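Chemist: Prediction below, plus the sequence it came from.
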Amino acid sequence: MKTLAQQKVQSGAKAPHSKETTTRFLRYLALGAALVFALAPVYWMITISLKTEVDQFATPPPWFGFTPTLAHYYDAFVTRSFGDYLLNSAIVAVASTACALVIGTLAAYALARFQLPWNLNSHLSLWILSTRMFPAIVTAVPLFLMMRDVRLLNTRASLIIVYTAFNLPFVVWMMRGFFAELPRDLEEAALVDGDSRLGALVRIVLPLVAPGLAATAVFCLIVSWNEFLFALVLTQTDAAMTLPVGIAGRVTQFEIKWGVMSAAATVAVVPILVFALALQKYLVRGLSMGAVKG
């Protein structure tokens, strides 16, 4: 027979294990509830794009038991101009993200590595970041007048210029932090070996901050892809209209094309999702760089 001391030891060993299991179960339950809460609107949007108009307005709404149809996708991308809107959004988002990364990375490297007089490094960083503090609507009218004067209204170039300027402060601020964490000895060793400053940046520094570049690129692409205000102000024709504006245009005073809007929105999610998944490992490393220092 077990002694009283042995029984107490065994009961004490089981209690922490049981508590740990309960805590893990509650954690997974909370994560599952949060996941369902976050994905429910996405699932509802996808189902609306596959439902007929009768099923869309049925009461109670059918969550699973309905006959899917691709009529809304045909209406959006064959009958209507959503294919052109999608192409415009892709060109504008990719071009503006690339321009913002190139210009912002060079500016961030200069701020992180070169010591300017009168402590201008910190002042310039703050001034650049302060441009993001202004509401976007404040600059809508001046930008419209500027683009009108240079005859760039209703063009993709106007959106690329505006989105590049809008993303630049974020790129500079993000990349400056990544560059500041890298030791200067790496570049100095490359310079001693005969490499130029630009060569050291391209061949030594940029590969080391690739996770930061990936994280910054994802955020810039999402901002450019989803931007609505400037696209609405600067474009009025299908030649340069982006997908968010095109989707909103299906809301009229006579009817709302819920199926067409949901179909276009479903397709609009796919490119960003694919891009984020392709850079997932770099994205996680970029978001966590500098969190732990050893």
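Modeler: Arrived safely, thanks for sending.

Chemist: what about residue 88, neighbour count?
Modeler: Residues within reach of residue 88, counting by other CB atoms under 10 Å, total 23. (Glycine included, C-beta is placed from N, CA and C.)

Chemist: Please, which helix or strand holds it?
Modeler: Following DSSP states H and E, one finds residue 88 within helix 82-113.

Chemist: how about that helix: buried residues?
Modeler: The neighbour-count check on helix 82-113 (16 or more other CB atoms under 10 Å) flags 82, 84-86, 88-89, 92-97, 99-101, 103-105, 107-109, 111-113 as buried.

Chemist: where are the low-confidence patches of the stretch 151-294 of the chain?
Modeler: 282-294 (pLDDT under 70).

Chemist: can you give me the helices for it?
Modeler: Using DSSP state H, counting those that start in this stretch, the helices of the stretch 151-294 of the chain run over residues 156-181, 185-192, 197-200, 206-208, 210-226, 229-234, 243-248, 258-278, 280-288.

Chemist: In CSV, list the C-alpha atoms belonging to stretch 165-175.
Modeler: The C-alpha trace of stretch 165-175 is given here as CSV (Å, rounded to 0.1, in the frame of the first residue of the first chain):
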residue,chain,number,x,y,z
ALA,A,165,4.4,59.8,-51.8
PHE,A,166,1.9,58.4,-49.4
ASN,A,167,4.0,55.2,-48.7
LEU,A,168,7.4,56.9,-48.5
PRO,A,169,7.2,58.0,-44.8
PHE,A,170,6.3,54.5,-43.8
VAL,A,171,9.1,52.9,-45.8
VAL,A,172,11.7,55.4,-44.5
TRP,A,173,10.7,54.9,-40.9
MET,A,174,10.6,51.1,-41.1
MET,A,175,13.8,50.6,-43.0
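
Chemist: Buried ones in it, by neighbour count?
Modeler: Buried, per 16+ other CB under 10 Å, within stretch 165-175: 165, 166, 167, 168, 169, 170, 171, 172, 173, 174, 175.

Chemist: how much space is there between the nearest residue to the last one once chain neighbours are set aside and residue 220?
Modeler: Closest residue to residue 175 apart from its sequence neighbours, by CB to CB, 6 or more residues apart in numbering: residue 108 at 3.6 Å. Taking CB to CB, to the nearest Å as the criterion, residue 108 is separated from residue 220 by 13 Å.
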